[in-house]
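Novice: Based on what follows, work out the 3D shape:
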Amino acid sequence: MVLQGKPEEVKKWSVPSGGKLPEETYEECCKREVYEETGFVVEVKQRLFVKNGIVHYFLVEVVGGTMNIQDPDGLIYDISWKSLEEIYDLDLCFEEDRDMIIEVLKQNRESVKGSENQ
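Specialist: Numbers count the residues shown, from 1 in each chain. Here you go, the predicted structure:
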């Protein structure tokens, strides 16, 4: 999750996101935005959800990189892994995303635990 906002705004948490460039696919946009905002290189595993016909959400796997804010827009203030329990009370940029994030974390909890033991 990334803590973001304009300098004058209250900072809130969100999954990494941003605008798609004309030459990009949505998957390429996802990978670029995650890298720009977090420093992580990711592989898109599956499309999860499309909100309002415009916003595409993906399940990704970190395959490289290092946690590092390198946002060219200067709107990211922190990067942090959040547990399922933390998501329930987190101050989100998009409150309507909470249920989707919780459901994805619940569905993938076992696979994440399995990969931590490797």
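Novice: contacts and neighbour counts: CA atoms only from here.
Specialist: Fine.
Novice: What helix or strand is the closest residue to Val60 other than its chain neighbours located in?
Specialist: Leaving out its chain neighbours, the residue that sits closest to Val60 by Cα to Cα, 6 or more residues apart in numbering is Val44, at 4.4 Å. In this assignment (DSSP states H and E), Val44 forms part of strand 40-51.
Novice: Would you mind listing the buried residues in that strand?
Specialist: Phe40, Val41, Val42, Glu43 (16 or more other Cα atoms under 10 Å).
Novice: Next one: the residue sitting nearest the centre point of the chain from Glu23, what distance?
Specialist: By Cα atoms, centre = their mean, the chain has its centre lying nearest to Val15, at 2.7 Å. For Val15, the distance to Glu23 (Cα to Cα, to the nearest Å) stands at 23 Å.
Novice: Arg98 - how many residues pack around it?
Specialist: Residues lying near Arg98 (other Cα atoms under 10 Å) number 17.
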